[in-house]
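Trainee: This is a predicted model, with the sequence first.
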Amino acid sequence: MLNDLSEREQEILRLVATGASNKEIAQKLFITTNTVKVHLRNIFTKIGVASRTEATVFAIQAGLVQLEGAPISGSSAEPELIAPVLAPRARMSRAWLAIAALIVLLIGVVSVGMFRQTSAPVSASPAPPARSRWQERAVLLTPRSGLAAAAYENRIYALGGESAQGISANVERYDPASDSWIALASKPTAVTDVGAAVIGGQIFVPGGRRDSAHLQISDRLEVYNPRQDRWEQRARLPEPISAYALATFEGKLYVFGGWNGKRYLDSVYVYAPDEDVWRAQTPMPTARGYAGAAVVGGKILVVGGFDGQAALAISEAYLPERDIAQDEPWETRASLPEGRYGMGVTNISNVAYVIGGEGEKDRALASLQYSPEEDRWIAFENPLPKSWAYLSLISFGSYVYGIGGKMGDAPTGQTVAYQAIYTILVPIIR
């Protein structure tokens, strides 16, 4: 039955199994909630279920959701612990289906609940975990900093950046199943200090820096088709920009601030792929580059950055719908514990993650999570004891991946994964 589902339907089913609501799925995939509902009706019909709980159990059985703690083949783990999930569907009662699925649906609650239960305030060191949720993965073929990364169809793409040999046009693809990277068609323009985003099955990479002197900045928007391994150019940016913060919201691309070769910017530009047009929006309250952006709580959170003088701790939220209505679109949110820039920023399950970056002191900065409901930052386990900056951070499935970047003065090929969402298994009592 899994083969009857399209790739988009499998993607939606996977998100359902993580506890995502229709609204969260729509925001993640840049489609409407009505489209999500239509897909769900089709999915339920194809796999023969009548509820999200049964669909969740089907997703687990089909291998769309990875179970934390499930024993590997040949292990001596007690089989009773996983019986509700791994037993054949024909032998499972609807009661056990509901129990198993409800446990899986705790994923989203546990992920957000970490702010209340297991994380320490940012002023204190978090308690060491019993088992690290960070995992080292295969390194990039070419170590580089300032690169862009994007996830599409169960693969991760790393694009551009700056290697020890100079500004790079390299494109590499990571397969989590084989834990390996392969090289693909090079980007037409070698750039660094860039971001990437997926819209409509294509990877958009705007602007970027082209030289080591920070003077030659690109205004090109280059778009990669991962299925065809082919590049094309779209409408040029309104001005050359690098070191921007990038986010997608409701099928559009937003570029915040950055460096244009002369100064740090407060500009906000939005790109509509269906029109191939850029438009200027209400500027940021603070001009800055090397900031990060993530969509949480229905808003685009823009955090940190560098204004030419100091590392910034500010967090400001942008609401696109207010800009459309010509209302003030910017809100001040809780500041970072300390200023930083060049960090990785992403979101998963309505939580923002900030990893690495540079600050006022030469030391490793705390990894942070942000809860929009509580408007506060929480420190959690660092992936590495070293300082790490100019990396790319993306969410992929139930993990947050940190890729590339710079450690000390040298680019790195480091790839690490943090399990942001996990399941809880309970024994059966007979």
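Mentor: Received, thanks.
Trainee: okay, CA-based contacts and neighbour counts for the rest of this
Mentor: Noted.
Trainee: Could you pull out the strands in the stretch 251-400 of the chain for me?
Mentor: 252-259, 264-272, 277-280, 292-296, 299-303, 315-318, 330-333, 344-348, 351-355, 367-371, 376-380, 392-396, 399-403 (DSSP state E, counting those that start in this stretch).
Trainee: List the contacts of residue 338.
Mentor: 312, 313, 359 (C-alpha atoms under 8 Å, 6 or more residues apart in numbering).
Trainee: For residue 349, state which of these is nearest.
Mentor: residue 313 (23.4 Å; C-alpha to C-alpha).
Trainee: I'd like the distance from the nearest residue to that closest one once chain neighbours are set aside to residue 31, if you could.
Mentor: In this structure, residue 313 finds its nearest non-sequential neighbour in residue 339, 3.9 Å apart by C-alpha to C-alpha, 6 or more residues apart in numbering. As judged by C-alpha to C-alpha, to the nearest Å, residue 339 and residue 31 stand 35 Å apart.
Trainee: So for those two, which residue has more residues nearby?
Mentor: Between residue 339 and residue 31, residue 339 has the larger neighbour count (other C-alpha atoms under 10 Å), namely 21 against 16.
Trainee: Need the per-residue pLDDT for the more buried one.
Mentor: Looking at residue 339, its pLDDT reads 97.
Trainee: Tell me how many other residues surround the residue nearest to residue 240 when sequence neighbours are not counted.
Mentor: Nearest residue to residue 240 in three dimensions, chain neighbours excluded: residue 219, at 4.0 Å (C-alpha to C-alpha, 6+ apart). Neighbour count for residue 219, taken as other C-alpha under 10 Å: 19.
Trainee: ok, residue 219 - contacts?
Mentor: 206, 207, 208, 236, 237, 238, 239, 240, 241.
Trainee: before we move on, what about residue 247?
Mentor: 197, 253, 254, 255, 293, 294, 295, 300.
Trainee: about what we covered before: a strand runs through the residue nearest to residue 240, doesn't it?
Mentor: Yes - assessed with DSSP: H, G, I helix; E, B strand; the rest coil, residue 219 lies in a strand.
Trainee: Next one: it from residue 16, what distance?
Mentor: For residue 219 relative to residue 16 (C-alpha to C-alpha), the value is 38 Å.
Trainee: which residues of the stretch 51-200 of the chain score low on pLDDT?
Mentor: 66-131 (pLDDT under 70).
Trainee: can you give me the strands for it?
Mentor: Under DSSP E, counting those that start in this stretch, the stretch 51-200 of the chain gives strands at 120-121, 134-137, 148-152, 155-159, 162-163, 166-167, 171-175, 180-183, 197-199.
Trainee: Tally up the residues packed near residue 283, please.
Mentor: 17.
Trainee: Do I have it right that it meets residue 267?
Mentor: Yes - at 4.7 Å, residue 283 counts as touching residue 267 under the criterion of C-alpha atoms under 8 Å.
Trainee: my read: the residue nearest to residue 313 touches residue 360, true?
Mentor: Yes - at 7.2 Å, residue 339 and residue 360 qualify as touching, with contact defined as C-alpha under 8 Å.
Trainee: Spit out the residues that contact these two alike.
Mentor: Contacts common to residue 339 and residue 360, judged by C-alpha under 8 Å, 6+ apart, are 310, 311.
Trainee: on that earlier part again, which of the contacts of residue 219 has the most neighbours?
Mentor: Counting neighbours by other C-alpha under 10 Å, residue 208 comes out on top of the contacts of residue 219 with 33 neighbours.
Trainee: my guess is residue 33 meets residue 26, correct?
Mentor: Yes - here residue 33 reaches residue 26: they are 5.4 Å apart, a contact under C-alpha under 8 Å.
Trainee: Reformat the strands of the stretch 251-400 of the chain as CSV; add mean neighbour count.
Mentor: Listed next are the strands of the stretch 251-400 of the chain as CSV, based on neighbours: other C-alpha atoms under 10 Å:
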stretch, mean neighbour count
strand 252-259, 25
strand 264-272, 19
strand 277-280, 14
strand 292-296, 25
strand 299-303, 24
strand 315-318, 22
strand 330-333, 16
strand 344-348, 25
strand 351-355, 24
strand 367-371, 22
strand 376-380, 22
strand 392-396, 26
strand 399-403, 24
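Trainee: Okay, the closest residue to residue 15 other than its chain neighbours and residue 35: tell me how far apart.
Mentor: The spatially closest residue to residue 15, leaving aside those adjacent along the chain, is residue 25, at 6.7 Å (C-alpha to C-alpha, 6+ apart). Residue 25 sits 10 Å away from residue 35, going by C-alpha to C-alpha.
Trainee: So between the two, which is more surrounded?
Mentor: Higher neighbour count among residue 25 and residue 35: residue 25, with 22 against 11, using other C-alpha under 10 Å.
Trainee: and the more buried one, what helix or strand is that in?
Mentor: helix 22-29 (DSSP states H and E).
Trainee: between the helix or strand that that helix is followed by and helix 22-29, how big is the angle?
Mentor: Heading C-terminal from helix 22-29, the first helix or strand you meet, by DSSP H and E, is helix 33-47. Angle between the axes of helix 33-47 and helix 22-29 is 100 degrees (criterion: axes from the mean of the first three to the mean of the last three C-alpha atoms, to 10 degrees).
Trainee: list the contacts for residue 286?
Mentor: Counting by C-alpha under 8 Å, 6+ apart, residue 286 has contacts residue 266.
Trainee: The closest residue to residue 64 other than its chain neighbours and residue 175, how far apart?
Mentor: Nearest residue to residue 64 in three dimensions, chain neighbours excluded: residue 14, at 5.8 Å (C-alpha to C-alpha, 6+ apart). Distance, residue 14 to residue 175, using C-alpha to C-alpha: 18 Å.
Trainee: For the two, indicate the residue with more neighbours.
Mentor: Neighbour count, other C-alpha under 10 Å: between residue 14 and residue 175, residue 14 has more, with 24 against 14.
Trainee: Good, wrapping up.
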